[in-house]
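no sequence on this one, just coordinates:
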């Protein structure tokens, strides 16, 4: 047994650190050791349970009631708001889309007709909604945003028609931290009888205690559902989220139920059947322990960190904060107001930060359907633990910026030319597994580690036709776990 655990420790040694705030994406460290200990103990107690049937394990229903109740109060939902604990933000988003599609079909589709509704969302909406549209047979209608990721309410409203099953807005969006115009969009959606989902998977457990200029939750008439992740700023282990629905009718439309087989009656509120109760138990314990005052204190810490980092970026020549983010996300970009020789490319910056012991996230640029480009950037997810070493972080940010200042963004033109010669491009072929792997190796991405430079691969990905880029990325992830 000890040998097995030692092997796991050796494997974990190659991972980026999950505690201490040095990885500014994917992990959410409160900095409170007692939360980890509490979550571990609660998860262990619930480990044998199966969330498939709370009539057999009523403790699951009791914990879920408490978690949903906490989230409902936090998001200003009244008695008509109910919900479900899910396995993560993606499942919450999928269920919100599935619910809206089914309700739309009941009221719009003629019997026997095959109708494909639309899902309208800003181009900055999380990719989970693109996935949901593909899985549940909707057209994803991306509304272009400004270069800093801000969407105009009028542009979203102009897309609303009888074929729209759902409009999605973010609080805030992940790429740039912008808060979408929720009040205006929700009002217009309500007037047209369209469901409106607020994706607050990222900010749901922060914005209730953040200085936000306008209401964005269930206080807004027309908001029909909200998703919020407990495994982000709820500080629970992966994977646990909550989806709240306004009204029992909407909530019940989320369920799958059947008696059309020879076994036990199947009733699933989520996409999963059997579900681990450990993440739920950990989330329940943490929300019970922290309460409103605990979450407020942790959010105030993040707010102080955000202010200090924004002020520090203003002092770094050639670097800027993109837009005016609300909440715990900041996107860093090159300052277009200075000469090329003074600019700090965010992807070279992200690569350089690894040498100083920090991981920030590369985000490729996006050219939208109207031609407006959201520039490539480096994403920072800010957590409370970072307050302890924010001076060290901003010093590293300044030093790494100095290391790469004036260095041109990665130029993949030679690789792009080779791809075109091979017939991979607009209207051309999509590489299969073997060809994709050869191309990745040419791009220097034949092996991936926590220290791997990513600027060249990101530059290639954002310039390739999407089907080709997606084939390469699929191959990269698939190869990592092949035996």
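Perfect, thanks for sending it. Keep in mind that this is a model prediction, so the values were computed, not measured.

Quick check, pLDDT for residue 217.
Per-residue pLDDT puts residue 217 at 98.

Can you tell me, leaving aside adjacent residues, what's nearest to it?
Spatial nearest neighbour of residue 217, excluding adjacent residues (Cβ to Cβ, 6 or more residues apart in numbering): residue 75 at 4.3 Å. Quick note: C-beta positions are derived from backbone N, CA and C, even for glycine.

Give me the pLDDT for the one you found.
On the pLDDT scale, residue 75 is placed at 98.

my guess is it contacts residue 245, does it?
No - counting by Cβ atoms under 8 Å, residue 75 stays clear of residue 245, with 11.6 Å between them.

What count of nearby residues applies to the residue lying closest to residue 80 once chain neighbours are set aside?
The shortest distance from residue 80 to any non-neighbouring residue, by Cβ to Cβ, 6+ apart, is to residue 247 (5.4 Å). Residues contacting residue 247 under the criterion other Cβ atoms under 10 Å number 13.

List the residues that contact residue 247.
Contact analysis of residue 247 by Cβ atoms under 8 Å, 6 or more residues apart in numbering lists 80-81, 224.

swap in residue 128?
89-90, 93-94, 201.

before we move on, the earlier item: output the contacts of residue 247 as CSV; include the columns neighbour count.
Formatted as CSV, the contacts of residue 247 follow (neighbours: other Cβ atoms under 10 Å):
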residue, neighbour count
80, 14
81, 25
224, 25
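
Relative to residue 179, which of these is nearest.
residue 224 (18.5 Å; Cβ to Cβ).

which ones are touching the closest one?
100, 195-197, 245-247, 250.

Is it possible to get CSV of those residues that adds pLDDT?
Formatted as CSV, these follow (pLDDT from 0 to 100):
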residue, pLDDT
100, 97
195, 98
196, 98
197, 98
245, 98
246, 97
247, 96
250, 95
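
Roughly how far does residue 373 sit from residue 363?
13 Å (Cβ to Cβ, to the nearest Å).

Of those two, which one has the most company?
Comparing residue 373 with residue 363 by other Cβ under 10 Å, the one with more neighbours is residue 363, at 25 against 12.

Flag the shaky bits of the stretch 301-450 of the chain, pLDDT-wise.
425-427, 446-450 (pLDDT under 70).

All the strands of it, residue numbers only.
For the stretch 301-450 of the chain, strands defined by DSSP state E, counting those that start in this stretch occupy the ranges 319-321, 329-334, 361-363, 366-367, 373-374, 377-381.

tell me the angle the second one makes with strand 377-381.
Spelled out, that is strand 329-334. Orientation of strand 329-334 against strand 377-381 (axes from the mean of the first three to the mean of the last three Cα atoms, to 10 degrees) gives an angle of 150 degrees.

that older thread, ok, which of the strands of the stretch 301-450 of the chain comes nearest residue 346?
strand 377-381 (3.9 Å).

what sits up against the closest one?
Residues from elsewhere that reach strand 377-381 (Cβ under 8 Å, 6+ apart): 24-26, 28, 174-176, 309, 322, 328-333, 346-347, 349-350, 360-363, 365.

likewise stretch 200-214?
71, 74-75, 89, 92-93, 126, 128, 170-172, 174, 179, 182-183, 216-217, 226-230, 232-235, 241-242, 295-296, 299-300, 302-303, 326-329.

taking those residues one by one, which sit in helices?
Assigned to helices by DSSP state H, the following of these qualify: 71, 74, 89, 92-93, 128, 182-183, 295-296, 299-300, 302-303.

picking that back up, so among the contacts of residue 224, which ones count as buried?
The neighbour-count test (16 or more other Cβ atoms under 10 Å) marks 100, 195-197, 245-246, 250 as buried among the contacts of residue 224.

what about the stretch 51-200 of the chain, any weak spots by pLDDT?
109-114.

Could I get the contacting residues of residue 196?
For residue 196, the contact set (Cβ under 8 Å, 6+ apart) comprises 166-169, 185-186, 189-190, 222-225.

Tell me which of the residues you listed fall in strands.
Of the contacts of residue 196, the ones assigned to strands by DSSP state E are 166-169, 225.

Tell me the one among these nearest to residue 394.
Once Cβ to Cβ is applied, the member of those that ends up nearest residue 394 is residue 169, at 31.9 Å.

Near the closest one, how many other residues are there?
Using other Cβ under 10 Å, residue 169 has 30 neighbouring residues.

Can you verify my assumption that it contacts residue 126?
No - at 11.4 Å, residue 169 does not count as touching residue 126 under the criterion of Cβ under 8 Å.

Touching both of those two, which residues are there?
residue 199.

Quick one: the strands in the stretch 51-200 of the chain, in order.
Ranges of strands in the stretch 51-200 of the chain, per DSSP E, counting those that start in this stretch, are 81-86, 118-122, 139-143, 164-170, 195-199.

measure the closest residue to residue 193 other than its chain neighbours to residue 160 for me?
Computed as Cβ to Cβ, 6+ apart, the closest residue to residue 193 that is not its neighbour in sequence is residue 107, at 7.6 Å. Noted for residue 107: a distance of 15 Å to residue 160, by Cβ to Cβ.

Comparing those two, which residue is more hemmed in?
Comparing residue 107 with residue 160 by neighbour count (other Cβ under 10 Å), the higher total belongs to residue 160, at 20 against 8.
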